[in-house]
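> Provided below are the primary sequence and the corresponding predicted coordinates.
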Amino acid sequence: MSQDFTFAIKRMSFDEDYRPSDNTRITTNFANLARGSSRQENLRNTLQMIDNRFNALAHWDNPKGDRYTVKLDIVSVEMRIGGESNGSALPLIEILNTRIFDKKNNVHIDGMVGNNFSSYVRDYDFSVLLLAYNKDQPTFGTPENFGDLHGKLFKSFVNSDAYKANFNKQPVICLSVSSTRTYRRTANVHPVLGVEYLQDEYSLTDEYFAKMGLKVRYFMPRNSVAPLAFYFSGDLPGDYTDLELISTISTMDTFQKIYRPEIYNANSAAGESYRPSLKHQDYSLTRIVYDREERSRLAIEQGKFVEEHFVKPYRATLDQWSANYAH
């Protein structure tokens, strides 16, 4: 059997009319918002929050604070294993692509690809494999080669013809900081990214993303109350324009205020030394309905789905491909 993996990219607009397709990972943050009786109001309010945040950060030549609108596309990545002519492609990754509309000049500007990151294999690694491994362990640990396959699949996608045909720059993933680590403020301040923080040691997520070829830096943008974790390859401040960086900050700062209000919608900002906590009580809720407990449960269900439909049936092929993979 051929060991070649090929990738296909599908796009769907994330707007107030968005409805998740049947094969969308329903643990995906944006899909969770688009379900239930409040779905359209949720989406409308989320998009307005993103626009407001973008214009607040892109304040130059923007006296009324309404110059820009952010458009979001959900990018779904499917993978086909060479020689598998029958059956459907395997859903692999979902990310977001931002596009900026400048109403003053009536032009569309490329934003950032990445932003949110959802992966079936990551669901399996964290919600099935890691839980099973630690079930009877006296201290928390990770299985041998944890994250290796996922990292190689991600790097294979980013280096694929499909990626290069759709995107001109490398992805930047923006996530919450870890509640198991302490972050310390530095004297480094970027005009858009804000104040840089350093952590005491890398988290499991940091190490997992390192296997995807991504480094991490932590910045707290202006008028944010907690640092965000930016995962990237290359030079984060140097490779991207101010508007590209703002498109990621405005999008992911908004999502985090909804999903982790204890951290990102707290009523006081992070200090010199900062330890995030989901048990923090002094925070405000947005008007957007979100079920965090349901999302955790669905992550386990979908991790088991990928085990049955991807990991087990293709284990020999995946192991051989992974062993021979050269970046």
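Nice, I can see it.

> G147 is in contact with E207, correct?
Yes: E207 lies in contact with G147 (C-beta atoms under 8 Å); the separation is 7.2 Å. Heads up, the C-betas are built off the backbone N, CA and C, glycines and all.

> So if I had to pick from the two, which one is more boxed in?
Higher neighbour count among E207 and G147: G147, with 24 against 14, using other C-beta atoms under 10 Å.

> Show me where this protein has its helices.
29-33, 39-57, 120-124, 130-134, 148-158, 161-166, 204-210, 236-239, 242-259, 261-264, 292-306, 315-324 (DSSP state H).

> would you list these in TSV and tack on distance to G271?
Below are the helices of the chain laid out as TSV (distance: least, C-beta to C-beta, whole Å):
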stretch	distance to G271
helix 29-33	28
helix 39-57	22
helix 120-124	32
helix 130-134	32
helix 148-158	34
helix 161-166	40
helix 204-210	22
helix 236-239	24
helix 242-259	19
helix 261-264	14
helix 292-306	26
helix 315-324	43
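
> nearest to G194, of these?
Smallest distance to G194 across the helices of the chain (C-beta to C-beta): 8.3 Å, for helix 242-259.

> between that closest one and helix 39-57, how many degrees?
Going by axes from the mean of the first three to the mean of the last three C-alpha atoms, to 10 degrees, helix 242-259 is angled at 140 degrees with respect to helix 39-57.

> In terms of secondary structure, what does helix 242-259 contact?
Counting contacts by 3 or more C-beta pairs under 8 Å, 6 or more residues apart in numbering; DSSP states H and E, helix 242-259 is packed against helix 29-33, helix 39-57, strand 68-81, strand 90-102, strand 107-119, strand 172-176, strand 228-232, helix 261-264.

> So for D17, which of these sits nearest?
Closest among the helices and strands packed on helix 242-259, once you apply C-beta to C-beta, is helix 39-57, at 7.7 Å.

> angle of the closest one against strand 90-102?
Using the same axes, to 10 degrees, helix 39-57 lies at 50 degrees relative to strand 90-102.

> hang on, the earlier thing: which one, of the helices and strands packed on helix 242-259, ends up nearest to S156?
It's strand 68-81; of the helices and strands packed on helix 242-259, that one is closest to S156 (C-beta to C-beta) at 8.6 Å.

> quick one: the closest one to chain centroid distance?
What separates the centre of strand 68-81 from the centre of its chain is 12 Å, taken as C-alpha atoms, centre = their mean, to the nearest Å.

> Low-confidence regions, this protein specifically.
1-3, 20-37, 83-88, 289-296, 326-327 (pLDDT under 70).

> neighbours around I9, how many?
I9: 18 neighbours (other C-beta under 10 Å).

> Verify the stated contact: it with K164.
No: counting by C-beta under 8 Å, K164 is not a contact partner of I9; they are 10.9 Å apart.

> how about the helices and strands packed on helix 242-259, which one is nearest W321?
It's strand 68-81; of these, that one is closest to W321 (C-beta to C-beta) at 8.3 Å.
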